[in-house]
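> Build me a structure from this.
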Amino acid sequence: MNISGWIRIGALAALAVTASLASAQNKKEVPAADVVRKSIKAVGYEVGGGSTKVVFLGTSAASQASGNAKVEAKTGGTSIELKVTGMPQPTSLGAEFLTYVLWTVTPDGTTDNIAEIPIDKQGNGKLSTRAQSQTFAMIVTAEPYYAVQLPSEVVVLENDTKKNTKGKIYPDNDYKLMKRSQYAKMGNPLALTPDLKNAPLDIYEARNAVEIARSQKARQYAPEIFSKAESSLQQTENSLTSKADKSQIITNSRQTIQFAEDARALSAERQEAERIQDEKNAAAAKAKAEADAVAAAEAKRQAELTAAREAQMKAEAAAQSAQQKAAAEMAAQKAAVEQAALQAKEQAAREEAARAQAATAALRAQLLQQLNEVLQTTDTPRGLVVNMADVLFETGKFALSQDAQLKLAKLSGIIQAHPGLNLAIEGHTDTTGTADFNMKLSQQRADTVREFLISQGMSPDTISARGMGQDNPVADNSTAAGRKQNRRVEIIVSGEVIGAKLGK
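Model prediction:
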């Protein structure tokens, strides 16, 4: 059978399994170290406004490639009729790449895997599909298999608009791409040009998916799913060897791909969780070591103070003995000794108070330095104010990003190393939106931070959370820079151990 025959079979099988595979895919947050960011303009298509054309331009990875799409937004979804030409064979872009995938990118940066694009020998292909949103950008990426959850950084086509394109344009929408190294760490165990005359492309994608999952330590971190991927691959290979029905071979291959991708994604998630825990433990150990050093210095100071008191008592006893021997001068000597003793006690009290104040100030400065290594922290009369910028949350939402979780995990380790501290979490917004919405969002963000810190082992009795809404700006809400400063969550660290007691 020729290539186009295999592609037609793959397309028919894809229609049968797409719904079940899509529902099985649960996107995992990808560690920040494994992604790159890019920007693209999106289009808000008019529902019921009829179809419109969008052009696709080739990137530096495939400058000769181009395409166009007819897009029509309707109630319940948006239809996309895509045609591409001049596409290089995926393996020419890297041995790890076997296929192309069409993605939509919404203005909030969410990327959705829409469908695999079949390509013939001449580099031409077409696709008829639907998207759930009415506002999105479109890109085409080279991928090692079709069921990836995040687009690779090898973007070959990007949408562009014409003067007559119907819809509202949204420029500069940021989104994430998977670093190519995440697929090429094994140096591509296949490194072969697929022989589509004897086996469908899905077979090669399945082999590639399992090897990539193995290279990402899925056997160690996601054995329960990776074992299913290996078993499914063996079943796929057996169906090919036994020359089973082509549709069954493709179905088995796609099941293998899904298991392998789920194992890879779960492995990455668990490795990131392990890394965050290691960071937290390191921060806690460092804070404890520094706290132990402060405690040792305080113990030494107390010993010196005790020695000084004993010396003072001996001096007073000697003075009393002298008074007994000199009865004639007893009154004058007693008054002089009492005055000297009183002055000595006052001086000792002043010195002890100064040393205690210095120790408190040193602990406060040490804690300020430790917190500043994690998040921007300011020393104020209320206490140490830790500022969480708005970028640590998704726009208009209260879910914590991976970066926010890592920083809060480190912060919890530092706080727990200093008993006696209390946290007051306050959420703030700018004046965009209604006051009720802003009050609710600020409370949700404050509650989310509190719940995460409690999950890290902190006592609920030491943490309060309060939404402040838009009523406490720190900058002018009429400017974008000012609004950015006003969108924040502040964590006020207080306690008598650092000389600050938060007022009610």
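> pLDDT below threshold where in this structure?
1-33, 184-193, 395, 501-504 (pLDDT under 70).
> mind checking the SS state of the residue with the largest distance to the centre of it?
In terms of distance from the mean C-alpha position of the chain, residue 328 ranks first, at 84.1 Å (C-alpha atoms, centre = their mean). Per DSSP: H, G, I helix; E, B strand; the rest coil, the secondary structure class of residue 328 is helix.
> With residue 103 instead?
Applying three-state DSSP: residue 103 is strand.
> How about the one 5 residues further on?
Here residue 108 takes the coil state, with states given by three-state DSSP.
> What strands flank the strand or helix carrying residue 492, and is each parallel or antiparallel?
Under the criterion of DSSP states H and E, residue 492 resides in strand 488-494. With DSSP bridges as the test, strand 488-494 is paired with strand 383-389 (antiparallel), strand 422-428 (antiparallel).
> Give me whichever of these is most buried.
Comparing the strands paired with strand 488-494 by mean neighbour count (mean count of other C-beta atoms under 10 Å), strand 422-428 ranks first with a mean of 23. Just so you know, the C-beta spots here come from the backbone N, C-alpha and C atoms, and that holds for glycine as well.
> Break the chain into its domains for me.
31-182, 284-362, 374-498 (automatic domain parsing).
> Show me the one of those that comes nearest residue 247.
Closest to residue 247 of the domains of the chain, according to C-beta to C-beta: domain 31-182, at 15.5 Å.
> Quick one: distance of the closest one to the chain centre.
Put simply, domain 31-182 sits 24 Å off its chain's centre (C-alpha atoms, centre = their mean, to the nearest Å).
> likewise stretch 344-357?
Centroid separation for stretch 344-357 versus its chain: 49 Å, with C-alpha atoms, centre = their mean.
> mind saving the C-alpha coords of that stretch as PDB?
This file holds the C-alpha atoms of stretch 344-357, laid out as PDB (Å, rounded to 0.1, in the frame of the first residue of the first chain):
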ATOM      1  CA  ALA A 344      25.800  48.900  88.600                       C
ATOM      2  CA  LYS A 345      22.400  47.200  88.500                       C
ATOM      3  CA  GLU A 346      20.900  50.000  86.400                       C
ATOM      4  CA  GLN A 347      23.900  49.800  84.000                       C
ATOM      5  CA  ALA A 348      23.600  46.000  83.900                       C
ATOM      6  CA  ALA A 349      19.900  46.300  83.200                       C
ATOM      7  CA  ARG A 350      20.500  48.800  80.400                       C
ATOM      8  CA  GLU A 351      23.200  46.500  78.900                       C
ATOM      9  CA  GLU A 352      21.000  43.500  79.100                       C
ATOM     10  CA  ALA A 353      18.100  45.300  77.500                       C
ATOM     11  CA  ALA A 354      20.500  46.600  74.800                       C
ATOM     12  CA  ARG A 355      21.800  43.100  74.100                       C
ATOM     13  CA  ALA A 356      18.300  41.700  74.000                       C
ATOM     14  CA  GLN A 357      17.300  44.400  71.600                       C
END
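> So which bits of it are buried?
residue 344 (16 or more other C-beta atoms under 10 Å).
> ok, and what's touching it?
301, 305, 308, 309, 312, 315, 499 (C-beta atoms under 8 Å, 6 or more residues apart in numbering).
> Just want the most central residue of the chain.
For the chain, the residue nearest the mean C-alpha position is residue 402 (1.8 Å; C-alpha atoms, centre = their mean).
> Hmm, residue 275 and that residue touching each other?
No. Counting by C-beta atoms under 8 Å, residue 402 does not reach residue 275; the two are 10.2 Å apart.
> list the helices and strands the helix or strand encompassing residue 249 packs on?
Here residue 249, judged by DSSP H and E, is contained in helix 246-325. Counting contacts by 3 or more C-beta pairs under 8 Å, 6 or more residues apart in numbering; DSSP states H and E, helix 246-325 packs against helix 3-24, helix 201-215, helix 218-221, helix 223-241, helix 330-372, helix 402-416.
> Distance to residue 428 added to the ones you listed, as JSON lines?
Converted to JSON lines, those look like this (distance: least, C-beta to C-beta, whole Å):
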{"stretch": "helix 3-24", "distance to residue 428": "38"}
{"stretch": "helix 201-215", "distance to residue 428": "43"}
{"stretch": "helix 218-221", "distance to residue 428": "38"}
{"stretch": "helix 223-241", "distance to residue 428": "42"}
{"stretch": "helix 330-372", "distance to residue 428": "19"}
{"stretch": "helix 402-416", "distance to residue 428": "16"}
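> Return the most buried member of these.
helix 201-215 (a mean of 25).
> so what secondary structure elements neighbour that one?
helix 3-24, helix 223-241, helix 246-325.
> So what's the residue count around residue 162?
Other residues within reach of residue 162, judged by other C-beta atoms under 10 Å, total 11.
> wait, isn't residue 416 in contact with residue 285?
No. Contact criterion C-beta under 8 Å: residue 416 and residue 285 do not qualify, at 11.4 Å.
> what's the overlap in contacts for those two?
Common neighbours of residue 416 and residue 285 (C-beta under 8 Å, 6+ apart) do not exist.
> Now tabulate the strands paired with strand 488-494 in JSON lines and tack on distance to residue 84.
Formatted as JSON lines, the strands paired with strand 488-494 follow (distance: least, C-beta to C-beta, whole Å):
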{"stretch": "strand 383-389", "distance to residue 84": "40"}
{"stretch": "strand 422-428", "distance to residue 84": "46"}
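> one step back: of the helices and strands packed on helix 201-215, which approaches residue 481 most closely?
Short answer: helix 246-325, nearest of the helices and strands packed on helix 201-215 by C-beta to C-beta, at 31.1 Å.
> Show me how far the closest one is from its chain's centre.
23 Å.
> That one to helix 201-215, inter-axis angle?
Using axes from the mean of the first three to the mean of the last three C-alpha atoms, to 10 degrees, the inter-axis angle of helix 246-325 relative to helix 201-215 is 20 degrees.
> So which elements touch the host helix or strand of residue 113?
Element membership for residue 113, per DSSP H and E: strand 111-117. For strand 111-117, the packing partners by 3+ C-beta pairs under 8 Å, 6+ apart come out as helix 3-24, strand 77-85, strand 99-105, strand 125-131.
> Perfect, that will be all.
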